[in-house]
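**Student:** Requesting a structural model of the entry that follows:
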Amino acid sequence: MKKPPNFQEAAAALFDEMVRMRRDFHRYPELGFEEIRTSGIIAERLQELGLEVQRGIGQTGVVGIMEGPEDGPTVMLRFDMDGLPIQEESDIAFISRNNGVMHACGHDGHVTMGLTLANILSQYREQMHGRIKFVFQPAEEGLGGAFAMIADGVLENPRPDVAFGMHIWTPEPYGKARVVSGPCMASSSVFTLTVQGRGGHGAAPHLATDPILAAAQIVSALQSIVSRNIDPQESVVVSIGQFSAGTTFNVIPDKAILKGTVRSYNNELHRQVYRRILEMATKMADAYSCIATMETIAIVQAVVNAEEPTAVVREAAVKIVGEENISTRRTMASEDMGFFLDEIPGCYFFIGARNEEKGFTYPHHHPKFNFDERAMIDGVAIMAEAAARYVLNGRSG
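**Tutor:** Reported below is the predicted structural model:
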């Protein structure tokens with residue numbers, strides 16, 4: 001049997017090519033369900049590596065299947081492709097050329113790592129017991145790309161036995177990794193509160209019913225949900241991010257609209273928070289002679305890592321970055337990888353990519369976001385080690 005490679009050395013040997021690929025993807029970002037160029041490049045490269053390629057899964061998603069000669073488990077490796085509707089503010093040479101669209105979350109690096117993994121693991125295809133299913137997902141950024149792929153059958157023919165995903169993560173320094181068993185990212189949903197009043201002239205407020213005043217009190221009141229209605233040992237976030245009302249300075253409008261988000265690791269707690277939001281909003285609005293109604297949209301559920309695959313990833317991460325460089329800190333950010341992990345046991349982990357000296361300190365979704373590209377070596381190596389434990393003869397178990 002051919003000796004399994006040192007995956008870190010293999011990834012490092014391809015670093016220059018990874019940088020070139022990542023910067024090309026960065027120059028031409030595409031929004032969710034519009035990843036035509038990106039998915040085309042992915043499909044072409046997977047075909048060149050001899051994988052069975054399926055296009056148009058979940059509209060613009062791509063699936064590549066690497067089949068070994070012997071039967072065994074199916075390992076799913078997932079990578080998201082989409083950019084964000086952000087105008088990049090940077091002086092880098094590979095700045096986005098698509099006006100108003102930017103890879104501000106590292107998905108350009110994710111696609112690059114996925115293609116590099118396919119390259120490295122294809123060299124050991126003849127030793128595989130089972131198969132690897134490479135899933136390149138569209139529209140992760142709040143548009144339901146994972147759900148669209150699932151609806152299109154991505155988890156069938158063949159159905160994965162285990163699933164892995166990873167994220168470039170600038171809250172963590174380069175050279176470190178986060179591997180968390182159990183809930184690691186929060187569920188996320190959006191709510192809209194409409195506060196209906198009665199408009200009038202700003203000079204005669206007594207003849208109107210002011211929805212702005214009622215809505216402002218609602219914003220303040222909702223902040224007490226976490227501090228006074230939730231067990232302090234639980235983690236919940238309630239945030240209002242948008243307050244819309246009125247058209248000019250001297251008119252009291254008919255209505256005010258509040259939009260916000262709820263984040264938690266517990267689905268039942270999530271529902272409890274929504275019940276409390278509705279209760280508080282309706283009663284507060286009523287106190288100001290207004291009427292409040294609420295609409296909710298469930299975007300993603302919590303990302304929950306299974307124990308056994310997480311132990312495999314942790315062992316791989318220890319090998320690549322060292323025990324002392326592994327964190328188990330959770331985040332209230334959300335990711336639709338949760339839809340996959342609700343169906344398939346697996347692990348979603350984070351690759352440290354912050355670099356203070358190089359100025360890679362901006363948060364995800366910032367117009368100046370960038371990351372230490374060396375993190376891609378760590379990401380490829382850890383995921384390759386984890387996948388190999390399942391499909392390479394002599395490395396499973």
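**Student:** So which residues of this protein form helices?
**Tutor:** For the chain, helices defined by DSSP state H occupy the ranges 7-13, 15-27, 36-48, 107-122, 145-151, 211-222, 224-229, 267-287, 307-321, 337-343, 375-391.
**Student:** Which of those sits closest to R131?
**Tutor:** helix 375-391 (7.1 Å; CB to CB). Just so you know, the C-beta spots here come from the backbone N, C-alpha and C atoms, and that holds for glycine as well.
**Student:** Tabulate the CA atom coordinates of that closest one in CSV.
**Tutor:** In CSV, the C-alpha atoms belonging to helix 375-391 read as follows (Å, rounded to 0.1, in the frame of the first residue of the first chain):
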residue,chain,number,x,y,z
ALA,A,375,-4.5,29.4,7.1
MET,A,376,-5.6,27.5,4.0
ILE,A,377,-2.7,25.1,4.5
ASP,A,378,-4.0,24.3,8.0
GLY,A,379,-7.5,23.9,6.8
VAL,A,380,-6.7,21.6,3.9
ALA,A,381,-4.4,19.5,6.2
ILE,A,382,-6.9,19.1,9.0
MET,A,383,-9.8,18.2,6.7
ALA,A,384,-7.7,15.8,4.7
GLU,A,385,-6.6,14.0,7.9
ALA,A,386,-10.2,13.8,9.1
ALA,A,387,-11.5,12.4,5.7
ALA,A,388,-8.6,9.9,5.5
ARG,A,389,-9.5,8.4,8.8
TYR,A,390,-12.7,7.2,7.2
VAL,A,391,-11.7,6.2,3.6
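**Student:** helices or strands up against it?
**Tutor:** Judged by 3 or more CB pairs under 8 Å, 6 or more residues apart in numbering; DSSP states H and E, helix 375-391 is in contact with helix 7-13, helix 15-27, strand 70-80, helix 107-122, strand 129-137, strand 162-173, helix 307-321, strand 346-354.
**Student:** who does the fifth one pair up with?
**Tutor:** Okay, so that is strand 129-137. Paired neighbours of strand 129-137 in the sheet (DSSP bridges): strand 61-67 (antiparallel), strand 70-80 (parallel).
**Student:** chain center to the shortest one, what's the gap?
**Tutor:** Pointing back at strand 61-67 there. A distance of 20 Å separates the centroid of the chain from that of strand 61-67, by CA atoms, centre = their mean, to the nearest Å.
**Student:** Tabulate the CA atom coordinates of that strand in CSV.
**Tutor:** In CSV, the C-alpha atoms belonging to strand 61-67 read as follows (Å, rounded to 0.1, in the frame of the first residue of the first chain):
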residue,chain,number,x,y,z
GLY,A,61,-24.3,24.1,-6.5
VAL,A,62,-21.7,21.6,-7.7
VAL,A,63,-21.1,18.0,-6.4
GLY,A,64,-18.1,15.9,-7.2
ILE,A,65,-17.8,12.3,-6.2
MET,A,66,-14.5,10.6,-5.8
GLU,A,67,-15.1,6.8,-5.8
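**Student:** Now do S327 against G352, distance only.
**Tutor:** Relative to G352, S327 is positioned 8 Å away (CB to CB, to the nearest Å).
**Student:** ok so, going back, from the strands paired with strand 129-137, which stretch is densest packed?
**Tutor:** strand 61-67 (a mean of 24; mean count of other CB atoms under 10 Å).
**Student:** Tell me how far the residue nearest the centre of the chain lies from F7.
**Tutor:** Nearest to the geometric centre of the chain sits E335, at 3.2 Å (CA atoms, centre = their mean). Taking CB to CB as the measure, E335 falls 24 Å from F7.
**Student:** now swap in Q301 and tell me
**Tutor:** Noted for Q301: a distance of 31 Å to F7, by CB to CB.
**Student:** now G144
**Tutor:** Going from G144 to F7 by CB to CB gives 33 Å.
**Student:** Same question for T247.
**Tutor:** To F7, T247 is 59 Å away according to CB to CB.
**Student:** Among those two, which residue is more densely surrounded?
**Tutor:** A direct count of neighbours by other CB atoms under 10 Å for T247 and F7 places F7 higher, at 24 against 6.
**Student:** returning to what we had before: show the pLDDT at the residue nearest to the centre of the chain.
**Tutor:** Looking at E335, its pLDDT stands at 94.
**Student:** mind listing what H270 touches?
**Tutor:** Contact analysis of H270 by CB atoms under 8 Å, 6 or more residues apart in numbering lists 187, 189, 236, 262, 264.
**Student:** how about the helices of the chain in JSON lines, adding distance to E70?
**Tutor:** Converted to JSON lines, those look like this (distance: least, CB to CB, whole Å):
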{"stretch": "helix 7-13", "distance to E70": "21"}
{"stretch": "helix 15-27", "distance to E70": "30"}
{"stretch": "helix 36-48", "distance to E70": "22"}
{"stretch": "helix 107-122", "distance to E70": "15"}
{"stretch": "helix 145-151", "distance to E70": "28"}
{"stretch": "helix 211-222", "distance to E70": "57"}
{"stretch": "helix 224-229", "distance to E70": "52"}
{"stretch": "helix 267-287", "distance to E70": "40"}
{"stretch": "helix 307-321", "distance to E70": "20"}
{"stretch": "helix 337-343", "distance to E70": "26"}
{"stretch": "helix 375-391", "distance to E70": "9"}
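**Student:** And those helices: which comes nearest I57?
**Tutor:** helix 145-151 (5.4 Å).
**Student:** Quick check: mean pLDDT of that closest one?
**Tutor:** Mean predicted lDDT for helix 145-151 stands at 95.
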